[in-house]
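Enquirer: what's the 3D shape of this:
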Amino acid sequence: MASVIETSVGSTNGELLGREARVVANEKRLINCHQVDVNQLMPLKYNWAWEHYINGCANHWMPTEVPMNKDIEIWRSDKLSDDERVVIMRNLGFFSTAESLVGNNLVLAIFKHVTNAECRQYLLRQAFEEAVHTHTFLYIVESLGLNEGEVFNMYNEVPAIARKDVFEMELTKEVLDPNFSTDSLEGIQTFLKNMIGYYLIMEGIFFYTGFVMILSFHRRNIMTGIGEQFQYILRDESIHLNFGLDLINGIKAENPEAWTPEFQEYILGLVRQAVELEIAYAEDCLPNGVMGLNSSLFRDYVQFIADRRLERIGFNKIYGSANPFPWMSETMDLAKEKNFFETRVTEYQTGGQLDWD
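Expert: Numbers count the residues shown, from 1 in each chain. Predicted coordinates:
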């Protein structure tokens, strides 16, 4: 990046540095900035990205800090019905591979093409968190003495999970091509498609139905170790989602030519397809309904959160469904998603219990 800065005889070094900093900040771009050999953070241009990074660092945790004794006792007893066990197993099976798909996409695709330093700083943090989440599912499986092969191979053996994973991997395929670039209009659109698929759909829709299912157990004071870990994951994922949507909106703003009416219709089609995939997954997890949950309620819920995600990137609602689980507002507060982290969690880095100020 070359910039010509005119100087006058009376200029001071401080004034020159300030002017140089303004030039550098103005030339920063989210993608297609032609200097990415060094992640030059200062001066910050995208303060929202740095704020997400700081929030992520404040939420550090490890799954092994959460005791699993009560969960082990309940799992080995007859307190859970067969249908309730299916819900837990299906969610462990989906999340155990989905988190690794997100991590791979971050490291192998998104990080390479996002050229802004503060965004890359956050992506590094998120990649670590994805590793922690994968560690979490291994910790749960080992604690409960589950069949590791059964859980981690569900993406091959359970059609409702396999279809979601295949859907996401298709969105990554083009970006992983060694010759892919975002230099063209088509390349920018492909990159946006990938990010919408992983941030808005995977983390913003697919993950949230799983959160409802597992946190329903926690609400009844059952499987509280797993529930607590899912609360920590939810906290991380809420930041992932907000960062991803901010990044998508930023790229749209800097490359308005890519956000064509035809491309918007294509994105809406992807979201509609994802909603139906998630409803099919809910039907697979809840064939008979448990804990007041059933697949009909999840149809409304998936449509509700899909509308919320679409509104965040400039679309109108396409479903108009109401939230059938208002009790979830105490846990994730979807109605105030951007304010989810305004309350501080004490003992977060060392304790095993959530304690809200």
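
Enquirer: from here on, contacts and neighbour counts on C-alpha atoms
Expert: Fine.

Enquirer: just give me the residue right at the centre of this structure.
Expert: residue 203 (3.5 Å; C-alpha atoms, centre = their mean).

Enquirer: I'd guessed it sits against residue 242; true?
Expert: No - in this structure, residue 203 is not within contact of residue 242 by C-alpha atoms under 8 Å, at 10.1 Å.

Enquirer: sorry, back to before: and the residue nearest to the centre of the chain, what does it touch?
Expert: 237, 240, 241 (C-alpha atoms under 8 Å, 6 or more residues apart in numbering).

Enquirer: just residue 28 next, same as before
Expert: Contacts of residue 28 by C-alpha under 8 Å, 6+ apart are 45, 116.

Enquirer: same thing with the one 5 residues further on?
Expert: With contact set as C-alpha under 8 Å, 6+ apart, residue 33 has these partners: 27, 115, 116.

Enquirer: correct me if wrong: residue 144 contacts residue 74.
Expert: No - using C-alpha under 8 Å as the test, residue 144 is too far from residue 74 to be in contact (9.6 Å).

Enquirer: dump the residue contacts of residue 271.
Expert: 201, 306.

Enquirer: ok, 10 Å please
Expert: 196, 197, 200, 201, 205, 265, 277, 303, 306, 307, 309, 310 (C-alpha atoms under 10 Å, 6 or more residues apart in numbering).

Enquirer: for residue 256, same thing?
Expert: residue 250.

Enquirer: wait, residue 69 touches residue 222, no?
Expert: No - at 11.9 Å, residue 69 and residue 222 do not qualify as touching, with contact defined as C-alpha atoms under 10 Å.

Enquirer: give me the common contacts of these two.
Expert: In contact with both residue 69 and residue 222: residue 75, using C-alpha under 10 Å, 6+ apart.

Enquirer: neighbour count winner among these two?
Expert: Neighbour count, other C-alpha atoms under 10 Å: between residue 69 and residue 222, residue 222 has more, with 19 against 14.

Enquirer: pLDDT at that one, what is it?
Expert: On pLDDT, residue 222 comes in at 95.

Enquirer: equivalent analysis for residue 331, please.
Expert: At residue 331, pLDDT is 65.

Enquirer: repeat that for residue 27.
Expert: Taking residue 27 on its own, its pLDDT is 73.

Enquirer: the residue nearest to it when sequence neighbours are not counted in helix, strand or coil?
Expert: Leaving aside its chain neighbours, residue 27 sits nearest to residue 33 (7.6 Å; criterion: C-alpha to C-alpha, 6 or more residues apart in numbering). Secondary structure for residue 33, judged by DSSP: H, G, I helix; E, B strand; the rest coil, is coil.

Enquirer: now the longest helix seen in the chain, how far from the chain's geometric center?
Expert: Ranked by residue count, the top helix of the chain under DSSP state H comes out as helix 224-254. Distance, stretch centre to chain centre, for helix 224-254: 4 Å (C-alpha atoms, centre = their mean, to the nearest Å).

Enquirer: which strands or helices does it pack on?
Expert: helix 47-58, helix 69-76, helix 117-144, helix 185-195, helix 207-219, helix 295-312 (3 or more C-alpha pairs under 10 Å, 6 or more residues apart in numbering; DSSP states H and E).

Enquirer: what's the following helix or strand after that helix?
Expert: helix 261-285 (DSSP states H and E).

Enquirer: in the stretch 151-300 of the chain, where is pLDDT below threshold?
Expert: Low-confidence segments of the stretch 151-300 of the chain (pLDDT under 70): none present.

Enquirer: so residue 218 touches residue 226, yeah?
Expert: Yes - Residue 218 lies in contact with residue 226 (C-alpha under 10 Å); the separation is 7.9 Å.

Enquirer: could you check which of those two is surrounded by more residues?
Expert: residue 226 (24 against 18).

Enquirer: how far away is the more buried one from residue 198?
Expert: 24 Å (C-alpha to C-alpha, to the nearest Å).

Enquirer: do the same with residue 172
Expert: Applying C-alpha to C-alpha to residue 172 and residue 198 gives a distance of 9 Å.

Enquirer: so what sits against both of the two?
Expert: Going by C-alpha under 10 Å, 6+ apart, residues that sit against residue 172 and also against residue 198 are 101, 102, 105.

Enquirer: run a quick neighbour tally on the second one.
Expert: For residue 102, the count of nearby residues is 21 (other C-alpha under 10 Å).
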